[in-house]
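A.B. asks: After the sequence you'll find the predicted model.
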Amino acid sequence: MRVPFHRVSIAPGVGEAVERVLESGWLTTGEECLKLEQEIAGQLGVNYGQVVTVSSCTAALELACRVLCDREDIVAVPAMTFGATALAPLHAGQRVVVVDVLNESLNLNPERIPTYADCVIPVHYGGAPADLSEICNGERIVIEDAAHAWGAEFNGEKIGRCLYGSKQTDAACFSLYATKPVQCGEGGFVVFRELEKADEARALRQHGMSCVASEMGLGGRYEIISPGIKANLSDLLAAIARAGLSEAENDRRIRKALAVDYDRSLHKWVRVPIRDERSSNHLYPIRVAPMHRDEVARELDEAGIQTSLHYRSLAYHRGIAWHPHVEIHQTPVANAAGEEIISLPLFPSMTPEEHEYVVESVQNAVGNLLAVAK
């Protein structure tokens, strides 16, 4: 049997959605993007004007940094994340400081945020919410990297609302990449707490133009009102995301059930993630002793099981760690975790047979190591 790390689930209605866009004659940013923004806002309980669809979560992070931060501001990011979390503020003109994470959740450790940081980008690692109660102190900008976190909650509110009881963030950035809880292949969106900031980002996502193609009149006249970037989402991709959005909550429940069963079956064999009922359960990263991690991963590969690594510490990526505008703090927890993690397959269309095969294969791989050790 072969089990992929992820299998794309094609939501009902995707074919009709794509056909609808093709028949409309309009493929780029237009009515479908607007409707996607409205539907996202409806699920979050925010004004649809606060939601801005973009080409990726990376673009969402960069736009948020451009709109909310000043050039040369210091932005703190966790070491346990994909490189885009650090690259986005660099592209936006900020300086980055990489800090350590908590050993259990692998989310940013609030105690490691330097007092001189102007902004923090907490990552909701694997879909489990970061500790916003400690991170949001009212004195610095907070931009949530919620690439994994559609469907997660904090303080009883959905991640993305930016208002969590007495705590608030300035923006939340989501991914629509092929493996994410809502996907269209490539895409993303950002939710701003303030409408004015969303309006600014909406202009910046298309070169800073005063109006876009779908709005042009008077012979196509427009003005570049600010130096923006090319980061808009196409209607074709927005239509696919709209179809998937309606399935997202059911998919989250399926992933949770699979994760709980992994917990039950594997907790005596490997270190399993802490169970967080607020999580979107986007990832299932087990942790194996560093001396055995690669061997276990190799045995799983030979058994036909595709795994991944989320993540190696940013301290070990030259393109980030050696950048002149990056400061790497001591990150022993993230460095160690990056040598232990194996991310197991976890996706809504996973069959019971596939899930059981992964469990048995992990148990066999670890059991073989224990037998050798004896």
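C.D. replies: Thanks, I have the structure now.
A.B. asks: Alpha carbons of the helix or strand where residue 363 lies, in PDB - could you do that?
C.D. replies: If you go by DSSP states H and E, residue 363 is part of helix 352-373. Below are the C-alpha coordinates for helix 352-373, written out as PDB (Å, rounded to 0.1, in the frame of the first residue of the first chain):
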ATOM      1  CA  PRO A 352      -9.500   3.600   7.600                       C
ATOM      2  CA  GLU A 353      -7.200   1.100   5.900                       C
ATOM      3  CA  GLU A 354      -4.600   3.800   5.100                       C
ATOM      4  CA  HIS A 355      -4.800   5.200   8.600                       C
ATOM      5  CA  GLU A 356      -4.300   1.700  10.200                       C
ATOM      6  CA  TYR A 357      -1.400   1.000   7.800                       C
ATOM      7  CA  VAL A 358       0.400   4.200   8.900                       C
ATOM      8  CA  VAL A 359      -0.100   3.300  12.600                       C
ATOM      9  CA  GLU A 360       1.200  -0.300  12.100                       C
ATOM     10  CA  SER A 361       4.100   1.000  10.000                       C
ATOM     11  CA  VAL A 362       5.200   3.500  12.700                       C
ATOM     12  CA  GLN A 363       4.900   0.800  15.400                       C
ATOM     13  CA  ASN A 364       6.900  -1.600  13.300                       C
ATOM     14  CA  ALA A 365       9.600   1.000  12.500                       C
ATOM     15  CA  VAL A 366      10.000   1.900  16.200                       C
ATOM     16  CA  GLY A 367       9.700  -1.700  17.300                       C
ATOM     17  CA  ASN A 368      12.600  -2.600  15.000                       C
ATOM     18  CA  LEU A 369      14.800   0.000  16.500                       C
ATOM     19  CA  LEU A 370      13.900  -1.200  20.000                       C
ATOM     20  CA  ALA A 371      14.700  -4.800  19.000                       C
ATOM     21  CA  VAL A 372      18.100  -3.700  17.700                       C
ATOM     22  CA  ALA A 373      18.800  -1.700  20.900                       C
END
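A.B. asks: Run through who's touching that helix.
C.D. replies: The contact list for helix 352-373 (C-beta atoms under 8 Å, 6 or more residues apart in numbering) reads 1, 3, 258, 261-262, 265-266, 269-270, 286, 288, 292, 295-296, 299-300, 303, 305, 344-345. For the C-beta atoms, the positions are set from N, CA and C on the backbone; glycine is no exception.
A.B. asks: Mind listing what's buried along it?
C.D. replies: For helix 352-373, the neighbour count (16 or more other C-beta atoms under 10 Å) marks 354-355, 357-359, 361-362, 365-366, 369 as buried.
A.B. asks: Show me the strands in the chain, by range?
C.D. replies: Assigned by DSSP state E, the chain shows strands spanning 51-54, 74-78, 95-99, 119-120, 141-145, 153-154, 157-158, 163-164, 167-168, 171-175, 188-192, 285-287, 326-328, 341-343.
A.B. asks: Could you export stretch 256-266 as PDB, CA atoms only?
C.D. replies: Only the C-alpha atoms of stretch 256-266 are listed here, as PDB (Å, rounded to 0.1, in the frame of the first residue of the first chain):
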ATOM      1  CA  LYS A 256      -9.600  15.600  14.500                       C
ATOM      2  CA  ALA A 257     -11.000  12.000  14.600                       C
ATOM      3  CA  LEU A 258      -8.000  10.700  12.700                       C
ATOM      4  CA  ALA A 259      -5.600  12.700  15.000                       C
ATOM      5  CA  VAL A 260      -7.300  11.400  18.200                       C
ATOM      6  CA  ASP A 261      -6.900   7.800  16.900                       C
ATOM      7  CA  TYR A 262      -3.200   8.500  16.100                       C
ATOM      8  CA  ASP A 263      -2.900   9.600  19.800                       C
ATOM      9  CA  ARG A 264      -4.500   6.500  21.100                       C
ATOM     10  CA  SER A 265      -2.500   4.100  18.900                       C
ATOM     11  CA  LEU A 266       0.900   5.800  19.000                       C
END
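A.B. asks: how far does it sit from the chain's center?
C.D. replies: How far stretch 256-266 lies from its chain's middle: 22 Å, per C-alpha atoms, centre = their mean, to the nearest Å.
A.B. asks: what's next to it, contact-wise?
C.D. replies: 272-273, 275, 279, 281, 284, 286, 344, 346, 350, 355, 359, 362-363.
A.B. asks: per-residue confidence averaged over that stretch?
C.D. replies: What stretch 256-266 shows for mean pLDDT is 98.
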